[in-house]
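From the sequence below, what's the structure:
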Amino acid sequence: MTPEGSGAPGGAGAPGGRTLVAGVDSSTQSCKVVIRDAVTGALVRQGRARHPDGTECHPDHWWSALYEAVTAAGGLDDVAAVAVGAQQHGMVVLDADGEVVRPALLWNDTRSAPQAQRLTRDHGGPEGWAEAVGLVPVASFTVTKLAWLAEHEPAEAARVAAVCLPHDWLTWRLRGGGPRQRTDDAPDSSRPLGIDALTTDRGDASGTGYWSPVTGEYRRDLLLAALGHDADLPRVLDPAEVAGTSAVPGLSTGADLAPGTGDNMAAALGVGALPGDVIVSIGTSGVVSAVTDVPARDPSGTVAGFADATGNYLPLVCTLNAARVLDATARMLGVDLDELSRLALQAPPGAAGLVLVPYLEGERTPNRPDATGAVHGLRLETAAPAHLARAAVEGLLCGLADGLDALAAQGARIDRVLLVGGGARSEAVRRIAPVVLGRPVVVPPPGEYVADGAARQAAWALTGSDQPPTWEVTGTERIEAAPVPSVRERYREVRDLTARRV
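As a prediction, this is how the structure comes out:
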């Protein structure tokens, strides 16, 4: 997918007659929009806008950022199809009129950890949940956030008439969905779409905790156990099914809307992952996922048995702490990320026994929501910036290496390891990764792979073909290095020796 610059719009009716598609990445931190050629995948133009910080966010902020990012990308007037990829698990709750009941609780909000434990204990235990929906509840999953809402904000929970996810809500808004005024006496044809028009895809639905990737059906008993009452849930679309057409004057009208999906599923589409590929993504979270043709059921809860966006499965291990570990370490050392990388490469493998356990925001894998980070092995010899920088990179990668092992234990085939995400821009991360992971890594060129995957899905929905279009990814780099098993052995000795959050 080779950039072609950001010149004037050139869609289906422009010289050359090419068809354009748009992909949206509504992530935790920002909204990115890419416009690509539907046939070749060539990048035509792009734009972005920031989201507010925090672990909860009113969806209106996502909508405003989408407008801003679309404007920065030159608009959607010439775009034939749009798809939205977005952060998984976020709890978006709507009342009967389509009003947002409260700000969305995001995937990285860990306040529902006690509810996760209760749901697991009271409704079948880890084995029962893994069999029912392919995952064991932790604070990240939507079902636990609904249980927190019912327990701590019962008046708001009682108002909930529909539950959806960030990409579901944005797709619904693009189709013309939105709050209905109770006094609105306009004809039905001019009113916003109601909550009964919400749609989703199997990939994002598989991260809720109340949809089964195996049966393709909602488990309303689990929804009821969490929320305390039933609610409307989005219709789950087929991978290339068209959800509807855009109907927002001033933003987009008449474009086909693909199902959209979760960010991890979109990223897998964006890099062209196939069965046998494992994606290690270092962004706000750290993610290790594999494309497989069989579902995963891991009662330990380490592997979440998600579906992907193509009809396959995407077993996944997620850590809460990834690229921001590098940010925090650079801040402690008073350097920028480039200097942090240079320092890390000066220290020997294993940092002479210095280990950084990077649970800076608690942790999801392993499930340690109240844990904090720790530094072990500090001696006069290791009390140096280079050793701390190396320990930060290795600590981050050791958590992801554990994820790689967990996927293999679930039967995932590992033919190729793809290293992506903002953290992969670090030279130290790229060069140390094969040392810790024990395998060569393939690094695609930096890109917006969630938005790219959404754009590829939009092109797929536009054609209605059996498989997504083939978009060549050029400029990949293969990095090899001798594994150093002692790095992970040392990390295993100390990874559980952390203090609780105060």
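
Can you tell me the SS state at Val82?
For Val82, the secondary structure call by DSSP: H, G, I helix; E, B strand; the rest coil comes out as strand.

Give the closest residue to it in space, chain neighbours not counted.
Ala22 (4.6 Å; C-beta to C-beta, 6 or more residues apart in numbering). Every C-beta, even on glycine, is put in place using the N, C-alpha and C of the backbone.

Could you count how many residues lie near that neighbour?
Other residues within reach of Ala22 by the criterion other C-beta atoms under 10 Å amount to 30.

looking at this, it is in a strand?
Yes. Assessed with three-state DSSP, Ala22 lies in a strand.

if I look at it, how far off is Asn321?
Here Ala22 is placed at a distance of 32 Å from Asn321 (C-beta to C-beta, to the nearest Å).

Lys32: what secondary structure?
With three-state DSSP as the criterion, Lys32 reads strand.

what's it in contact with, if anything?
Lys32 makes contact with Val24, Asp25, Gln46, Gly47, Arg48, Ala69, Glu448, Val450, Ala451, according to C-beta atoms under 8 Å, 6 or more residues apart in numbering.

change it to 6 Å
Asp25, Arg48, Glu448, Ala451 (C-beta atoms under 6 Å, 6 or more residues apart in numbering).

Can you list the residue ranges for strands in the stretch 251-400 of the chain?
With DSSP state E, counting those that start in this stretch as the criterion, the stretch 251-400 of the chain has strands at 252-257, 261-262, 277-282, 286-290, 304-307, 313-319, 355-357, 374-376.

ok, and which of those has the densest surroundings?
strand 261-262 (a mean of 34; mean count of other C-beta atoms under 10 Å).

pLDDT (mean, whole number) over that one?
Mean pLDDT, computed over strand 261-262, is 98.

quick one on the thing from earlier: out of the strands of the stretch 251-400 of the chain, which is closest to Pro234?
Closest approach to Pro234 among those is made by strand 261-262 (12.2 Å; C-beta to C-beta).

and the residue lying closest to Gly124 once chain neighbours are set aside, how far is that from Leu76?
Distances taken as C-beta to C-beta, 6+ apart put Ala132 closest to Gly124, at 6.7 Å, once the chain neighbours are dropped. Distance of Ala132 to Leu76, given as C-beta to C-beta: 40 Å.

what about the two, which has more around it?
Set Ala132 next to Leu76 and count neighbours by other C-beta under 10 Å: Leu76 wins out with 26 against 20.

quick one: the more buried one is in a helix?
No. Counting by three-state DSSP, Leu76 is not found in a helix; it is coil.

Start the count at 758 instead of 1 going forward.
Got it, the first residue is 758 from now on, which makes the last one we talked about Leu833.

Quickly list what the closest residue to it other than its chain neighbours is bridged to.
Closest residue to Leu833 apart from its sequence neighbours, by C-beta to C-beta, 6+ apart: Ser1009 at 4.1 Å. Assessed by DSSP bridges, Ser1009 has beta-bridge partners Val1005.

got it, and Val1112?
Beta-bridge partners, per DSSP bridges, of Val1112: His1133.

In helices, which of the contacts of Lys789 appear?
Ala1208 (DSSP state H).

any chance of the contacts of Lys789 in a markdown table, plus pLDDT?
Output for the contacts of Lys789, formatted as a markdown table (pLDDT from 0 to 100):
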| residue | pLDDT |
| --- | --- |
| Asp782 | 98 |
| Arg805 | 98 |
| Glu1205 | 93 |
| Ala1208 | 97 |
